[in-house]
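> Compute the structure for the input listed below.
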Amino acid sequence: MGKILTEPRHNMATRKRLSPEESRTAALEAARGLLIETGPQSVTLKAVAQRIGRTHANLLHHFGSASGLQKSLAAHLATTVCETIKDAVRASRAGLGSPREVVDLAFDAFDKEGAGSLASWMLLTGNEDALDPIIETIHQLVDELAPEEAVDHAGIMAMHENTLTLVLLALGDALMGKALARSLSVPENAVRERAERILVESLSLD
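Residues are numbered from 1 along each chain as shown. Predicted coordinates for the structure are as follows:
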């Protein structure tokens, strides 16, 4: 009996030592897990609080509301995904990777990582600025990765347009790509192949 009581007290002490930033990060990782496992409708303050052993009031302090939590999760996903894509693009330029790996990372972010379903769910529930964190982070990524030769307005605009196309293709593919491909009798990876050709063009330094 004594052992049973001791372990929860120890866990509570460990939780109390978390800094506000550590607590916030733990909540976002838990929210990401819920998103991938059971979908965007399960990303609630109550569910996240239960998963990390915090109180509902604690999460309210960090995020303000369920929509605040979801928007923070969108920003968290965008930052994580874009850092991964950035590394992949640099590896591709250095001959250590391929544009297709970059495409797959982007598409998987919207599909397997749940960013696409999260964004659509937030829009449907009235959170119209849901895509802002994703758009802003991707915009920063594109500006950082723009080829040095493309410093003129036309070159940067072309890079932005290609990235816009890539993101829209990834988002659309996550939401209805498989069903539409079957309906049109085309391979499921047809969109990824088209996106790869676009990215090869945008990353060209010639």
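
> In this protein, which helix is the longest?
Scanning the chain for the helix with the most residues, using DSSP state H, yields helix 66-93.

> That helix - contacts with which helices or strands?
helix 20-38, helix 45-52, helix 56-63, helix 99-110, helix 115-124, helix 132-145 (3 or more C-beta pairs under 8 Å, 6 or more residues apart in numbering; DSSP states H and E). To be clear about C-beta, it is placed using only N, CA and C from the backbone, and glycine gets the same treatment.

> centroid residue for the chain?
residue 77 (3.0 Å; C-alpha atoms, centre = their mean).

> looking at it, that one is touching residue 116, isn't it?
No: Residue 77 sits out of contact with residue 116 when judged by C-beta atoms under 8 Å, with a separation of 10.2 Å.

> Okay, buried residues for stretch 194-203 please.
195-196, 198-200, 202-203 (16 or more other C-beta atoms under 10 Å).

> what does it rub up against?
89, 92-93, 99-100, 102-103, 106-107, 147, 158-159, 162-163, 165-166, 169-170 (C-beta atoms under 8 Å, 6 or more residues apart in numbering).

> Need the buried ones from those residues selected in ChimeraX.
Under the burial definition 16+ other C-beta under 10 Å, those of the contacts of stretch 194-203 that qualify are selected in ChimeraX by:
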select :89,92,99,100,102,103,106,107,147,158,159,162,163,166,169,170
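
> if we can go back for a sec, mark which of the buried residues of stretch 194-203 are part of helices, please.
Those of the buried residues of stretch 194-203 lying in helices (DSSP H): 195-196, 198-200, 202.
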